[in-house]
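1. The sequence isn't on hand, but the structure is:
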């Protein structure tokens with residue numbers, strides 16, 4: 001980092017989640033509808049993110065289920 005001109009001392013910033021709570025399940029989770037695939041989106045619901053494309057894809061395929069987490073409209 002110093003050779004690139006970074007002033008001061010670099011430090012490691014850990015992941016922004018608590019791995020004690022967000023870890024894979026010990027056993028696979030049984031889905032209630034086995035033929036559906038769950039698609040997730042986490043982020044801002046801003047037009048440039050393409051959420052409209054995601055919604056159209058989910059609507060066009062009955063084998064897909066959507067879970068959303070985010071905020072909007074975009075901050076300005």
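-> Good, I have the coordinates. Source: prediction; values computed, not measured.

2. give me the low-pLDDT residue ranges for this protein?
-> Flagging of the chain using pLDDT under 70 yields the residue ranges 29, 31-34, 74-76.

3. now the strands: where do they sit in it?
-> 37-44, 64-71 (DSSP state E).

4. would you turn those into a markdown table with distance to residue 14?
-> Heads up, the C-betas are built off the backbone N, CA and C, glycines and all. Below are the strands of the chain laid out as a markdown table (distance: least, CB to CB, whole Å):
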| stretch | distance to residue 14 |
| --- | --- |
| strand 37-44 | 19 |
| strand 64-71 | 21 |
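
5. Could you export those as CSV, including mean neighbour count and distance to residue 24?
-> Shown next, in CSV, are the strands of the chain (neighbours: other CB atoms under 10 Å; distance: least, CB to CB, whole Å):
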stretch, mean neighbour count, distance to residue 24
strand 37-44, 12, 15
strand 64-71, 12, 17
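
6. what number of residues lie near residue 55?
-> 13 (other CB atoms under 10 Å).

7. Give me the distance between it and residue 4.
-> Residue 55 is 41 Å from residue 4, where distance means CB to CB, to the nearest Å.

8. Excluding chain neighbours, what is closest to the residue most central in space within the chain?
-> Nearest residue to the geometric centre of the chain (CA atoms, centre = their mean): residue 42, 3.6 Å. Spatial nearest neighbour of residue 42, chain neighbours left out: residue 69 (4.6 Å); criterion: CB to CB, 6 or more residues apart in numbering.

9. In this structure that neighbour contacts residue 51, no?
-> No. The pair residue 69 / residue 51 is not scored as a contact, 11.8 Å apart, by CB atoms under 8 Å.

10. Could you name every residue contacting both of those two?
-> Jointly contacting residue 69 and residue 51 under the rule CB atoms under 8 Å, 6 or more residues apart in numbering are residue 41.

11. Nothing else from me, thank you.
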